[in-house]
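S.K.: Just need the structure, nothing else, for what follows:
(chains A and B)
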Amino acid sequence: MTADTERESALRPVGLRARILLAFAVGGLGLSVVLAGATMVLARGQLLETREESAAAVAVNNAVRLNNQLTPDTTFEDLPSIVDSLTSLEGSQLLVRLKTDWLLAPEFGHGDIPGVLTARIEGGQPGQIRAIVAGRPQLVIGLPLPSFDAAYYEVVDLAGVADTLGTIRIILLSAGAATTLLGAVLGWWASLRTLRPLRRVSAAAQAIAGGRLDTRLERQADPDLDALADSFNGMAEALEQRIRRDARFASEVSHELRSPLMTLTTTVGVLEARREQFSERSRTALDLLSHDLARFCRLVDDLLEISRFDAGAASLELTEINVANFVHASLHVAHLDDVSVADGLGGRPVVIDGDKRRLARVMANLLGNATHHGGGLTGVSMERDDTVVRISVEDHGPGVPAAEREQIFDRFSRGSSGGRRGGGSGAGLGLSLVWEDVRLHDGRVWVEEHADGGSGARFVIELPLPEDVLELEAT
Amino acid sequence: MMHVGTRILTVEDDERIRTAVRLALEDEGWEVEETASGEEALTAFTRAPADVVLIDIMLPGVDGFEVCRSIRRSSAVPIIMVTARADTHDVVAGLEAGADDYLTKPFAPKELSARIRALLRRYRSSETMPATMCFNQLEVSPEEGVVRLDGIEVHLTRTEFQLLVELGSHAGKVLSREDLLERVWGYDYFGDGRLVDVHVRRLRTKIEPDPGNPRFVVTVRGMGYKLQP
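M.R.: This is a model prediction of the structure:
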């Protein structure tokens, strides 16, 4: 189990947004590496070549001039003046060998000249080589002057070129980094753009799941996205039709049942008016018939009501309801006048906007539940805080296990305690209607334990106070 | 029997329901005239006006609303509408067409007879009414059973009249919808407040100089209605 979750998180695919961002960043990086690399190679080649070409030209020129000025009688002492007359490239230094003597540059000894080159020059071949001389990158050019047993060397400093190349490298690196960053930013923007339609789809799907079945996606005049919008809307349309058809079916069935139920109810009423004329057996049969007919009528009523909720056709007929009067009247019609009501409304009349028919059904359901399945009603309480009013109904039964406190409001739900709510009186639609009715009022309903921890269930309905009442109280 | 001689006209296209309702009403000692369509009902009512009319809204041909309006044009007879559901506009439309009360299918015969009795009681209790009341140009005379505005008689249905008398005999005091439901219709707290609202609206169109801005029957937000003396 743990290993699985670990593996899952390790293998969890990177999100689409991250992938798009990464692709753009890597693309930017790759492109800048290729461009920078090419630039470096070309620039380096070009710079060195130019430097070497001009150095070689100067060296050849110098060697020719030296050759012209040398005579067989020239001695080593004459050399400096001849050498001084030669042109020298900036950053370059000359070394001249005449017979066995060396005219050296200030910084070099003739030992600094790579042996490979000396060997080549002494062999009568001109040559050049790049080498680290005196700790710096240098180009060493050598030209033999065989007529006088002399050789001309020029050491050209390449550090200037290396500096330039270093600067170019820094510029290219920064440009590369900037390009990568720009790629990432572009990727982020592109992923936002790409995912925006998906977010719209997601929001629409959530709206549909939340019950707004007529939610549709707008076409965006984009051929790629419109295909998605069209298929999404097609799906939503099909779903809506299907749900409405189911709801309509339930509603039509209930309606069709009304006429025979009307005849049955009236006829049973006529029979009941004559019950004294019946035998004992017939009276028992009539009672069964009459009792279950009432149950049947209630079930059809509830089904019809539920189907109206499902079709989204349930609406509120709002009137002003004085909460205290309402609670007392609810107890009165349920023949529960002697039940104690804890009034926590703060002594002032609390008036809410509600649908009296629906709220009366809510109270009738909760009171009936407590009486018939909850071991008897033990108390009703009313309280309010800043924005809501709460009505609680407590019973004396076994209570509702914590695990069942939500599903008890499901349709036809029967508690684990052997149909504690529903078994006897048939369909468990009552509490699901309570839930729907309260929700339609923007309120909440739940079941909890007794406040004092005693045995039994406590059903609480919470309804919002109208805003104008709150405003009035605030002033 | 107490109500011997009371005639009830029923309009219902379903034969079985019609028969069952007749049996139940006859058990109460009332005389029942059955009709199966709106046309038939209007002919029957013109020939011999009933004391109470029970109309199913869903009728083939001339529907229940039309039957109701036609009867109202010439009579203040108590009318009970039978609707399929309580939470539809049918109820308000039926009340606006002139019905005094309504019932939702399926109803028990006991409910039906209770409704009819409540309407008949109202219809026949004019002799116990309080003395004539005057509010500026509005004159309510329970004894005569008439209302005059600037001396001209205003035609009210019995329910509208009863509503005005209840408000008038508590002039200046607020009566809640529940109070009015109990006093005028005989309902408990859970009666349908729309009965009161629609009847007040109908009453205003008849007695108020400007029904949109009432001078006599005013709404008291959060409490109910009162008649301003």
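S.K.: Going by C-alpha atoms from here, please, whenever you check contacts or count neighbours.
M.R.: OK.
S.K.: Kindly report the domain assignment for chain B.
M.R.: If you go by automatic domain parsing, the domain ranges for chain B are B:7-124, B:126-227.
S.K.: Report the mean per-residue pLDDT for the last one.
M.R.: In other words, domain B:126-227. For domain B:126-227, the mean pLDDT works out to 86.
S.K.: circling back to that earlier point, I'd like to know which of the domains of chain B lies nearest to chain A.
M.R.: Nearest of the domains of chain B to chain A, taken as CA to the nearest CA: domain B:7-124 at 4.4 Å.
S.K.: So is the closest one next to chain A?
M.R.: Yes: Domain B:7-124 lies within reach of chain A by CA under 8 Å from any CA of the partner chain, at B:14, B:16-17, B:20-21, B:23-24, B:27, B:84, B:87, B:105-110.
S.K.: can you put the domains of chain B in a markdown table and add mean neighbour count?
M.R.: A markdown table is the format used below for those (neighbours: other CA atoms under 10 Å in any protein chain shown):
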| stretch | mean neighbour count |
| --- | --- |
| domain B:7-124 | 19 |
| domain B:126-227 | 18 |
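S.K.: Below-threshold pLDDT in the stretch 251-400 of chain A: ranges please.
M.R.: Across the stretch 251-400 of chain A, nothing is flagged by pLDDT under 70.
S.K.: can you give me the helices in it?
M.R.: Here the stretch 251-400 of chain A has its helices, by DSSP state H, counting those that start in this stretch, at A:280-310, A:323-333, A:356-372.
S.K.: repeat for chain B
M.R.: B:15-27, B:38-47, B:64-74, B:89-96, B:109-124, B:158-169, B:177-180, B:193-207 (DSSP state H).
S.K.: what packs against the shortest one?
M.R.: The elements that helix B:177-180 packs onto, with contact taken as 3 or more CA pairs under 8 Å, 6 or more residues apart in numbering or on different chains; DSSP states H and E, are helix B:193-207.
S.K.: residue closest to the middle of chain B?
M.R.: B:D100 (1.9 Å; CA atoms, centre = their mean).
S.K.: Does that residue touch B:V77 like I think?
M.R.: No: counting by CA atoms under 8 Å, B:V77 is not a contact partner of B:D100; they are 9.1 Å apart.
S.K.: does chain B sit close to the one helix or strand A:I243 maps to?
M.R.: Under the criterion of DSSP states H and E, A:I243 resides in helix A:223-272. Yes: using CA under 8 Å from any CA, helix A:223-272 reaches chain B at A:H255, A:R258, A:S259, A:P260, A:L261, A:M262, A:T263, A:T265, A:T266, A:T267, A:G269, A:V270.
S.K.: Buried subset of these as a PyMOL selection?
M.R.: Here is the PyMOL command that selects only those of the residues of helix A:223-272 next to chain B that count as buried (16 or more other CA atoms under 10 Å in any protein chain shown):
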select buried, chain A and resi 255+258+259+261+262+263+265+266+267+269+270
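S.K.: Next, give phi and psi for the residue nearest to the centre of chain B.
M.R.: Dihedral pair for B:D100: phi -90, psi -30, per degrees, to the nearest 10.
S.K.: List the contacts of the nearest residue to it once chain neighbours are set aside.
M.R.: Nearest residue to B:D100 in three dimensions, chain neighbours excluded: B:I79, at 5.4 Å (CA to CA, 6 or more residues apart in numbering or on different chains). Shown in contact with B:I79 (CA atoms under 8 Å, 6 or more residues apart in numbering or on different chains): B:V52, B:V53, B:L54, B:I55, B:C68, B:G98, B:A99, B:D100, B:D101.
S.K.: Now intersect those residues with the strands, please.
M.R.: With strands defined by DSSP state E, the entries of the contacts of B:I79 inside them are B:V52, B:V53, B:L54, B:I55, B:D101.
S.K.: of all these, which comes closest to A:E240?
M.R.: Relative to A:E240, the closest of the ones in strands among the contacts of B:I79 is B:I55; by CA to CA it sits at 36.4 Å.
S.K.: who's in contact with B:P60?
M.R.: B:P60 makes contacts with B:D13, B:S37, B:G38, as judged by CA under 8 Å, 6+ apart.
S.K.: What residues are bridge-paired with the closest residue to A:S392 other than its chain neighbours?
M.R.: Computed as CA to CA, 6+ apart, the closest residue to A:S392 that is not its neighbour in sequence is A:V460, at 4.3 Å. Beta-bridge partners recorded for A:V460 (DSSP bridges): A:S392, A:W446.
S.K.: re the thing from before, okay if I get the contacts of B:P60 as a markdown table plus pLDDT?
M.R.: Shown next, in a markdown table, are those (pLDDT from 0 to 100):
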| residue | pLDDT |
| --- | --- |
| B:D13 | 91 |
| B:S37 | 94 |
| B:G38 | 93 |
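S.K.: could the residues you listed be laid out in a markdown table, adding distance to A:L16?
M.R.: What follows is the contacts of B:P60, written out as a markdown table (distance: CA to CA, whole Å):
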| residue | distance to A:L16 |
| --- | --- |
| B:D13 | 65 |
| B:S37 | 68 |
| B:G38 | 68 |
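S.K.: re earlier: out of the helices of chain B, which is closest to A:D230?
M.R.: A:D230 sits nearest to helix B:89-96 of all the helices of chain B, at 36.3 Å, using CA to CA.
S.K.: Right, I'll call it a day here.
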